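# any chance you could fold what I've pasted below:
(one chain, ligands or ions: 1)
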Amino acid sequence: MTSAAPFLLSAGIDWPADQSTPRWSLRADDGTRADQLLEPGTRCSFAVQPGRWCLGHTRVGGAEDWTHVDCPDGAPAERGTQCGPCLARDDARHMHDFHRSGIAPAGLRAYLAKPQWLYVATFAQGASKIGTAGLGNKWRRLAQQGAVLASYVALAADGRVVRVLEDLVTERLGLGQAVRAAAKTAGLTDPGQGGPSPSGVYDAGSLATVHRAQVERVHALLAEDPAATGLDVEPVDEDFTPSALAGPLLKAWNDGDLHPYPGWLSASSHGFTVLAVLGQTLGVRLDGSERLYAADASVLKGRRVVAGEHSTAVPVAQDSLF
Ligand SMILES: [Zn+2]
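As a prediction, this is how the structure comes out:
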């Protein structure tokens, strides 16, 4: 049996550089955009089809000239969210290796010649990471990440220097360069993650202490380590301000009143009302419940979804326990 319902290819949550409302990025079969703005009160109701599909690749024509190209073949995803040919065509793939290999196409080389930000981000479960953001991508990069706290710690002369520093921070201080998306959402709702409170969870106050300590360790490294002091780097100390849309999620997390979404958005059918967005995490209301649930929307990347009337059931057993 085949379904005639038109599907949309989902590319996850996209935060705009102008700090306005994020969108659930959706594309129709013919390439037209069907994005859903995620304003508070937005209804999302859809069924997820099996499989994971290629999200295309990036063409970098110059420092400010990044173009997304849809997968010409509508192929299944083979690695991450790309098919083999799109991965091979992706100009941006050289970005993370350029400081070691020296290999990059001309457009990306122009981008990497510009100054870049080094940042420290800290997530709800207490994990911090070191990362980089392009000059014009300063706010958006961190908005996409979904950190609870983040600070820009340095402005490096170019894309090679910033990645040398990033590797140095990882090597010397043990700060990783990635936190899994699922862990970011789970850290907002799972108790017992090793935090300092009696219940084992972090709150805004204790997480701020952890974050500030990591920022200071990075600043000390930049000022004192011989491998860093010879580089063209300007230390900065500037906190990232998250979108107001993240507010209800962060408040519920701090109050210990945020609940894990029942099930996974990568399969089955779902219907809920969006109240808040933090990175790739949605804060949603279910029909018939006043609670705020945290759902990991990163798993919607590369999924085909079909709009329809659905309603996610409130987990009754859990509600009756408390
Ligand atoms: Zn492809």
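# tell me which parts of this structure are close to the ion?
Counting by C-beta under 5 Å from the ion, the chain comes close to the ion at 54, 71, 75, 83, 86. (C-beta placed from N, C-alpha, C; glycine too.)
# buried subset of the residues you listed, written for ChimeraX?
Restricted to buried positions by 16 or more other C-beta atoms under 10 Å, the ChimeraX selection for those reads:
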select :54,71,83,86
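# okay, the residues of the chain next to the ion in TSV with pLDDT next?
Output for the residues of the chain next to the ion, formatted as TSV (pLDDT from 0 to 100):
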residue	pLDDT
Cys54	98
Cys71	96
Ala75	97
Cys83	98
Cys86	97
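# the residues of the chain next to the ion: which two are farthest apart?
Ala75 and Cys86 (7.6 Å; C-beta to C-beta).
# find residues that contact each of the two.
Cys54 (C-beta atoms under 8 Å, 6 or more residues apart in numbering).
# how about the nearest residue to Asp91 once chain neighbours are set aside, secondary structure?
In space, Asp91 comes closest to Val60 once its chain neighbours are excluded; the distance is 4.0 Å by C-beta to C-beta, 6 or more residues apart in numbering. The three-state assignment at Val60 reads strand, by DSSP: H, G, I helix; E, B strand; the rest coil.
# neighbours around Val60, how many?
For Val60, the neighbour count with other C-beta atoms under 10 Å is 23.
# any idea which helix or strand carries the nearest residue to Ser243 once chain neighbours are set aside?
Residue nearest to Ser243 in three dimensions, not counting chain neighbours: Ala143, with 6.2 Å by C-beta to C-beta, 6+ apart. Taking DSSP states H and E as the criterion, Ala143 maps to helix 138-145.
# helices and strands around that helix, which ones?
In terms of contacts (3 or more C-beta pairs under 8 Å, 6 or more residues apart in numbering; DSSP states H and E), helix 138-145 is packed against strand 116-122, strand 128-134.
# could I have the last one exported to PDB, CA atoms only?
Only the C-alpha atoms of strand 128-134 are listed here, as PDB (Å, rounded to 0.1, in the frame of the first residue of the first chain):
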ATOM      1  CA  SER A 128      30.600  22.300  28.900                       C
ATOM      2  CA  LYS A 129      32.000  22.400  25.400                       C
ATOM      3  CA  ILE A 130      34.400  24.700  23.500                       C
ATOM      4  CA  GLY A 131      33.300  25.800  20.000                       C
ATOM      5  CA  THR A 132      33.700  28.400  17.200                       C
ATOM      6  CA  ALA A 133      31.400  30.800  15.400                       C
ATOM      7  CA  GLY A 134      32.000  32.800  12.200                       C
END
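# returning to what we had before: so which bits of the helix holding Ala143 are buried?
138-145.
# show me which positions of the helix or strand containing His211 end up buried.
According to DSSP H and E, His211 maps onto helix 204-224. Neighbour-count burial for helix 204-224 flags 207, 210-211, 214-215, 217-219, 221-222 (criterion: 16+ other C-beta under 10 Å).
# list the buried ones in stretch 290-303?
Here stretch 290-303 shows 292-303 as buried, counting by 16+ other C-beta under 10 Å.
# now, among the residues you listed, which is nearest to Trp117?
Using C-beta to C-beta, the buried residues of stretch 290-303 come closest to Trp117 at Ser298, 22.6 Å.
# distance of the closest one from the ion?
19 Å (C-beta to the ion, to the nearest Å).
# got a list of contacts for the longest strand seen in the chain?
The single longest strand within the chain, with elements called by DSSP state E, is strand 268-278. With contacts defined as C-beta under 8 Å, 6+ apart, strand 268-278 is touched by 13, 22, 38-48, 146, 148, 188, 242-243, 245-250, 263, 282-287, 292-293, 295, 308-312.
# in helices only, show me these.
The members of the contacts of strand 268-278 that map onto helices under DSSP state H are 188, 247-250.
# and those, which of them are buried?
Neighbour-count burial (16+ other C-beta under 10 Å) is assigned, among these, to 188, 248-250.
# just give me the residue right at the centre of this protein.
Gln145 (3.2 Å; C-alpha atoms, centre = their mean).
# give the contact list for that one.
121, 131, 279.
# one more time with 7 Å, if that's ok
By C-beta atoms under 7 Å, 6 or more residues apart in numbering, the contact list for Gln145 reads 121, 279.
# now do the phi/psi pair for the residue in the stretch 151-300 of the chain positioned nearest to the ion.
Going by C-beta to the ion, the ion is nearest to Leu300 of the stretch 151-300 of the chain, at 17.6 Å. Main-chain dihedrals, Leu300, degrees, to the nearest 10: phi -80, psi -10.
# distance of Thr67 relative to Glu216?
Using C-beta to C-beta, to the nearest Å, Thr67 is found at 40 Å from Glu216.
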